[in-house]
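In: quick one, what's the 3D model for this:
(chains A and B)
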Amino acid sequence: MRNGAEILKLGTLTLVWWCIIFGAVWAACYIVGILIPMALTSYESDAARMTAETCRALTPILSVLVFIPINAMFMVLFERRGLAIFTVRLGPNRVGPDGYLQTAADAVKLLFKEDITPRGADAFMFTLAPIVFFAPSIFGAMPLLAAVTNYHELFQIANLPTGIFFILAASSVPVVGIVMGGWASNNKYSLVGGLRSAAQAISYEIPLVLSLVTVCLMAGTLDVVQIAKQQSGGILNWNIFGGGALRGLDQAISLKFSSSAPALQELSKSSFEQVLKSVYLEPTAQALGLGAGQEGLAGIIAAFAVVLLIGSIWIAYGLYMTGACAEINRIPFDLPEAESELVSGYNTEYSGIKFAIFFLAEFTNLFIVASIAAVMFFGGGDCPVPAWLGTALGGPQIASVINQALTPLIEIKLVDPPTLFATIWVILKVYSIVFFAVLIRGTLPRFRIDQLMDFGWKRLIPLSLIVFVLVVYAREFVNVHVGT
Amino acid sequence: MATDTEVDLTPRLKTDEMLINMGPQHPATHGVLRLILTLDGEIVRHTEPILGHLHRAQEWQGQNRTWFQYQALIDRVDYLSGMFTSWAMARAAEVVDGCEVPERAEYLRVMVSEMNRITSHLLWLGTYLIDLGAMFGFPFYPFREREKLLELFEEIAGQRMMFNYIRIGGVMRNPKDAWLSKLKRFTEEFPDRVDEYEAIVTQNPIFLKRTKGVGILRKELGMDYGITGPSIRASGVNLDLRRTKPYSVYPKLKFDVPLNDRDGDTFDRYIFRIREMRESNEIIKQCLDMLPQGEISGKKQIAGLRVKAGEGFAAVESPRGTLGCYIISNGSDRAYRIKWRNPSFCNLSILPELLKNHPIADVMAIFGSIDVILPDVDR
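Out: Below is the predicted model:
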């Protein structure tokens, strides 16, 4: 490994910044959501009670508002350092200790730059565009909050029964901001960029939504919190592995290895087969109307259905990532801001704080897209180790030790271990996906607009429809979340 | 109604044509070229290149500087292949002057020029991928190897870009043994690096989609416009001065001139430059083996350098094509008249033909593929 040292540096940088992000967000939430209401309990008045309630209600919004700028700041740095590793460079390493504060300095620079509105531009629209572009990414993230914090009482906001619909609806609003900005700039490059963005977003939203619908179909619900909850209990329960299609196997294996006593092992061996039978053979036989003596056929069909289901979900995930890359205008779909063609596309004329907001929103969108993937496909805040394996490895003991060590902090509600671990897992998953996006950005050139349209309409949409239909059939024969 | 099997692609809906000014301040025009594009939707119907933003009166300066001063200046004409501009002028002056160039100097000239060809193509490769939208990843890889060569240039000429190494009558400095062994090591590892580039780029489906069948340059059209260099060889015209009009020690060296057997598109122009880099590497290897001992200059390098009266023309094969220099000397310490034939200028003239009926996204893909250096166009 020629640049192992650089990779190590990126790792340290990531850890430090995660601590900063977590620290800042949790400090703000703790003060507003817990400390102030606790202090107010000593006053026996309606006003005090109402203030406490308001504080608690505002905490989730506050957490998002604190999280987004700091996180975007880190993501820019992460991307730049990551790209530097891929491209045999060093990346920004001068501002602050080893470049840790580079993006903070960039942000300050952007805030102090002159805010120019070009002559002939529609000033009102020109100002409105970045806001329309940015705002949806804030409220679009809301339904995800409970799912990624292990349903902590403070973060129960907007727990909509149609959460994923709300997120998708919110995520399709920013394109209006892009078109607005492109139109209002009074610049031909901006205009072309804005219109391209509209065409692209409309085309790629369809495979994106269809792939998520596939997941919802498997989960049987549109509620993101519900979808995340269903996937708890280890890597085999995640939607990406068929959403519990392998759970039977998981259970069976856990029974097989649960005990060492020979008599018990005999027992568990029989139950191993029983579990396999009840999870795979019986539903298949029932769905096909097969009688006794046709277990062989049922077994083959069940195995085929499981493979088909998992394969389809992986394709759906690929479709989701492709559509998402197009939706947030990242390479290879960054046509709205294609630098070598359109200078900088829709944000050519923007400078100062307005440009900063565009920039911030772009990275926030990447984060949200990645966190949707983490919740919908990768089990949200779930630990990838299956419960039985965790028990075998001494998970409960470790948990109790940690709980004991943190007791004083838990008592003043400063630490909530389930929430803490859930957020750590989420951030790991999300940043793995972000890293993948950075890798893509470091590898691929850009599509041409007509090729992009062809690819979207002639390849992705039919493929997503096929996957949808396959999942409909496959889940008939497999025990997924529903009913278990 | 399309009753034929062929589909009629002319748009039913007629929209207004849009005039767009690409450049001179545009991130992808490789300098300061201004293109006035007439767009029908996203399709380019007409292109008008406007030149001259970088005009520095290089020919006029040649008549007002002494030979010695002008030698240092001329690297700046084509800043990516300075060795070739110096060489063209040195050869023209030698034709006029009739002075002998020592064999060692000729070998050194070939060596540094081929090194320069590699650096020029490497930079082209990186920037071309940027033109295609690979903003961050691959473009930096060629610069890694280019950096090694530039360090070698720095060691031998004292400069990384404006070498002023090839002089009238010979070369400026004798390389040390350490320099030669460093260069040898480079030539040994370079083919692997080219394989690395090809592994990332040549098979990349998006790259193929963007380049195959785009900007096809017909052989006859290219010859009509006077296109030279890799661009025309990629369209199948056997025009490489190193072979067709051999100069220096090229007849003694074994190397291939890659030639296409059909009209070249953007992808061909890419792949032929890659092949040329490999060939240049082979040439350097041979030169290292055959390098004789001896003098390095047939003329004294002094400020009062004079060229005998007379006139003459000489051309070299630069990375961009035929680079010619015509000199009239009256025997004084400066030229009476200097005229340059720059490949970039002639190659750029084909651009409006190539861009016709291509979408705007292909403008940069095609413009990048003919490898034009703007200072070389405007002089």
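
In: any low-confidence regions in chain B?
Out: Applying pLDDT under 70 to chain B flags residues B:1-14, B:135-137.

In: for the closest residue to chain A within it, which non-adjacent residue is closest in space?
Out: Taking Cβ to the nearest Cβ, chain A has its nearest neighbour within chain B at B:Gly133, 2.4 Å off. Placement of C-beta: from N, CA and C, glycine included. Leaving aside its chain neighbours, B:Gly133 sits nearest to A:Arg446 (2.4 Å; criterion: Cβ to Cβ, 6 or more residues apart in numbering or on different chains).

In: quick check, the one you found in a strand?
Out: No - counting by DSSP: H, G, I helix; E, B strand; the rest coil, A:Arg446 is not part of a strand but coil.

In: and it, how many residues sit next to it?
Out: The tally of other residues near A:Arg446 (other Cβ atoms under 10 Å in any protein chain shown) stands at 25.

In: again with B:Tyr247
Out: 17.

In: just B:Lys254 next, same as before
Out: 8.

In: would it count as being in a strand?
Out: No - B:Lys254: not assigned to a strand; according to three-state DSSP it is coil.

In: so what's it closest to, chain neighbours aside?
Out: For B:Lys254, the spatially nearest residue (Cβ to Cβ, 6+ apart) is B:Gln286, at 6.7 Å.

In: now do the contacts for B:Leu149.
Out: B:Met115, B:Ile118, B:Thr119, B:Leu122, B:Phe186 (Cβ atoms under 8 Å, 6 or more residues apart in numbering or on different chains).

In: which residues does the closest residue to chain B within chain A contact?
Out: Closest contact between chain A and chain B, by Cβ to the nearest Cβ, is at A:Arg446 (2.4 Å). With contact taken as Cβ under 8 Å, 6+ apart, A:Arg446 is in contact with A:Ile331, A:Pro332, A:Phe333, A:Asp334, A:Leu335, A:Ala338, B:Leu132, B:Gly133, B:Ala134, B:Ile206, B:Arg210, B:Ala361.

In: relative to B:Ala361, how far out is it?
Out: Counting by Cβ to Cβ, to the nearest Å, the separation of A:Arg446 from B:Ala361 is 8 Å.

In: repeat for B:Thr266
Out: 12 Å.

In: before we move on, what about B:Gln58?
Out: 34 Å.

In: swap in B:Ala57?
Out: Taken as Cβ to Cβ, the span from B:Ala57 to B:Ala361 is 36 Å.

In: now swap in B:Leu221 and tell me
Out: Distance from B:Leu221 to B:Ala361, by Cβ to Cβ: 23 Å.

In: re the thing from before, more neighbours: which of B:Gln58 and B:Ala361?
Out: Between B:Gln58 and B:Ala361, counting by other Cβ under 10 Å, B:Ala361 is the more crowded of the two (26 against 20).

In: what residues does chain A put near chain B?
Out: With Cβ under 8 Å from any Cβ of the partner chain as the criterion, chain A meets chain B at residues A:83, A:86-89, A:188-189, A:192, A:331-332, A:334-335, A:338-341, A:343, A:441-451.

In: next, count neighbours for residue 207.
Out: In the absence of a named chain, chain A is used. 27.

In: right idea, wrong chain: chain B
Out: So B:Phe207, with other Cβ under 10 Å, has 21 neighbours.

In: tell me who's in contact with it.
Out: B:Phe207 touches A:Pro445, B:Leu132, B:Val201, counting by Cβ under 8 Å, 6+ apart.

In: mind redoing it with 6 Å?
Out: A:Pro445, B:Val201 (Cβ atoms under 6 Å, 6 or more residues apart in numbering or on different chains).

In: same question, A:Thr348
Out: A:Asn187, A:Tyr189, A:Ser190.

In: ranking by neighbours, what's the top pick from those residues?
Out: A:Ser190 (28 neighbours).

In: spatially nearest residue to that residue (excluding sequence neighbours)?
Out: Per Cβ to Cβ, 6+ apart, closest to A:Ser190 is A:Gly182, 4.4 Å.

In: isn't that neighbour up against A:Gly193?
Out: Yes - between A:Gly182 and A:Gly193 there is a contact under Cβ atoms under 6 Å: 5.3 Å.

In: now the common contact residues for the two.
Out: The contact lists of A:Gly182 and A:Gly193 share A:Tyr346, where a contact means Cβ under 6 Å, 6+ apart.

In: how many neighbours does the nearest residue to A:Asp122 once chain neighbours are set aside have?
Out: Nearest residue to A:Asp122, sequence neighbours excluded (Cβ to Cβ, 6+ apart): A:Ala184, at 4.2 Å. A:Ala184 has 25 neighbours, counted by other Cβ under 10 Å.

In: and A:Ala184, what is it in contact with?
Out: A:Ala121, A:Asp122, A:Met125, A:Phe126.
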